[in-house]
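1. here is a sequence with its predicted model. Questions after.
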Amino acid sequence: MGVNSLDDVGTDAETVTASIIGGSGFTGGELLRLLASHPSIELVEVTSRSKAGKSVGSVHPPLRGTDLRFTEPADLESVDVLFAATPHGVSMGQIDEFFDVADTVVDLSADFRLEREAQYDEWYDGHDAPEYLEKSEYALPEINRENLEGADLIAGGGCNATATILGLYPLFEHDILDGDEQIVVDVKVGSSEGGAGGGEASSHPERSGVVRPYAPTGHRHEAEIEQFLGTSVSFTCHAVDMIRGASATSHVFPSGPVSKGDLWQAYRGEYEDEPFVRMAAGGSGVYRYPEPKAIAGTNMAEVGFELDPSNKRVVVFSAIDNMMKGSAGQAVHAANIALGLEETAGLEFTGLHPVGAP
């Protein structure tokens, strides 16, 4: 359902009310864009300390003409669902306040992604509300759909972890990998991953033309991969001259023989009925394998593979829009499931081609 004003969204008795905390950043803007056309969610409030009083369109140009303005976070109204698009560390300190005003909280930061306090001690700087960790559900429906139904606290996945997990998950579910094999993952990501305040490294003069390693080892998203795949990976990230997108190339070395038929069976078995995953595995045309450009602005993930002629190595490709499937789109998808709404509501956009660079 298209709308001319955010205030026009939702007019029937079954409408779900929602607010966004931290709506002035890139991810907040994506949430605004998605909820503005959501057929079952009425967006009633969006907060920003730095932009309070300004119209959302003055910060997010695609939303010009809407009536909604940013408010102070302290002025939150009661709603059915609260989306928190804040930096890491904010939600864990305010989670009780969030639940005072909302029945369901969807946090897009890293604050509730991991299951144990010890993981936050190892990968982050500890945790201020560890009692909530066992109550949260990971937002990626392809691996956690059943647990999302009726969930009160939803934790959005990291974009690099999301791309990697989606690429490798079927291999574990179909016993092609058992967790003892060597896995090497290289992820290339766009500048929007650094957020609206990404700093010098994300500025156009510094980003233009680069393929820059920025996390050769020890990336925090490794913790999510290890948690949900039950294995460790050798993981490296590169910043590239791209705005939207995360592209993961994973090299895996199965301990036993594997055929292309085995691989197709594994991936089709997991993703054939998934509304937001499609296969791209060596077909015809220019875009033969997963490509972020082909799904920019959508909640789609593309997954593909190639089997080395030696049959000893499988190269897995997976691509997402880091701000959609890797953040805001994943959050809305999970919220739809948790709230009993149509799973694909507000997420049907199929992308554009051609699109400009980068």
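-> Arrived safely.
2. switch to C-alpha atoms for all contacts and neighbour counts from now on
-> Noted.
3. can you give me the helices in the chain?
-> 26-36, 56-59, 90-101, 117-123, 141-148, 159-173, 204-207, 222-229, 260-271, 329-338 (DSSP state H).
4. Val46 contacts Gly25, correct?
-> No - here Val46 lies out of contact with Gly25, judged by CA atoms under 8 Å, at a distance of 11.4 Å.
5. and these two? which has more neighbours close in?
-> Val46 (26 against 19; other CA atoms under 10 Å).
6. which strand residues bridge the more buried one?
-> Ile20, Phe70 (DSSP bridges).
7. which residues sit in contact with it?
-> 19-23, 68-71 (CA atoms under 8 Å, 6 or more residues apart in numbering).
8. would you point out the helix or strand in this structure whose mean pLDDT is lowest?
-> Every helix and strand of the chain was ranked by mean pLDDT, DSSP states H and E. The lowest is helix 204-207, at a mean of 79.
9. for that one, buried residues please.
-> Arg207 (16 or more other CA atoms under 10 Å).
10. do stretch 185-192 as well
-> Buried residues in stretch 185-192 (16+ other CA under 10 Å): 185-192.
11. which residues does that stretch contact?
-> 26, 160, 164, 198, 202, 207, 233-251, 322-323.
12. which residue is the nearest non-sequential neighbour of Arg49?
-> Glu72 (5.5 Å; CA to CA, 6 or more residues apart in numbering).
13. wouldn't the one you found be in contact with Lys54 here?
-> No - with contact defined as CA under 8 Å, Glu72 does not count as touching Lys54 (10.8 Å).
14. quick one, which of the two is more surrounded?
-> The neighbour comparison of Glu72 against Lys54 (other CA under 10 Å) goes to Glu72, with 17 against 14.
15. residue contacts, the more buried one?
-> 47-49, 52.
16. in this structure, which spans are strands?
-> 16-21, 41-47, 70-71, 79-84, 102-107, 136-138, 153-155, 183-189, 211-215, 234-240, 246-252, 277-279, 301-307, 314-320 (DSSP state E).
17. looking at those strands, which is buried most?
-> Highest mean neighbour count among these (mean count of other CA atoms under 10 Å): strand 314-320, with a mean of 28.
18. look at Asp67 and report its pLDDT.
-> Looking at Asp67, its pLDDT stands at 88.
19. meant to ask about Glu226, not that
-> So, for Glu226, pLDDT stands at 95.
20. on that earlier part again, export the helices of the chain to TSV and tack on distance to Phe305?
-> Shown next, in TSV, are the helices of the chain (distance: least, CA to CA, whole Å):
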stretch	distance to Phe305
helix 26-36	30
helix 56-59	40
helix 90-101	37
helix 117-123	30
helix 141-148	18
helix 159-173	9
helix 204-207	29
helix 222-229	18
helix 260-271	8
helix 329-338	23
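21. out of those helices, flag the one nearest Glu134.
-> helix 117-123 (9.8 Å; CA to CA).
22. tell me the buried residues in that closest one?
-> In helix 117-123, counting by 16+ other CA under 10 Å, buried: 117, 119-120.
23. and the contacts of it?
-> Residues contacting helix 117-123 (CA under 8 Å, 6+ apart): 114, 126-127, 130, 133, 220, 223.
24. re earlier: deepest-packed of the helices of the chain, please.
-> The most buried one of those (mean count of other CA under 10 Å) is helix 329-338, showing a mean of 26.
25. so which elements touch it?
-> Counting contacts by 3 or more CA pairs under 8 Å, 6 or more residues apart in numbering; DSSP states H and E, helix 329-338 is packed against helix 26-36, strand 102-107, helix 141-148, strand 153-155.
26. using CSV, list the CA coordinates for stretch 308-325.
-> Only the C-alpha atoms of stretch 308-325 are listed here, as CSV (Å, rounded to 0.1, in the frame of the first residue of the first chain):
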residue,chain,number,x,y,z
ASP,A,308,36.1,-27.1,-7.5
PRO,A,309,36.9,-29.8,-10.2
SER,A,310,39.0,-31.6,-7.5
ASN,A,311,35.8,-32.1,-5.5
LYS,A,312,37.8,-31.1,-2.4
ARG,A,313,36.7,-27.4,-2.2
VAL,A,314,33.3,-25.7,-2.4
VAL,A,315,33.2,-22.0,-3.0
VAL,A,316,30.0,-20.4,-1.6
PHE,A,317,28.8,-16.9,-2.6
SER,A,318,26.2,-14.9,-0.7
ALA,A,319,25.1,-11.3,-1.1
ILE,A,320,22.8,-9.0,0.7
ASP,A,321,22.0,-5.3,1.0
ASN,A,322,23.6,-4.6,4.3
MET,A,323,21.0,-2.1,5.3
MET,A,324,18.0,-4.2,4.3
LYS,A,325,18.5,-8.0,4.7
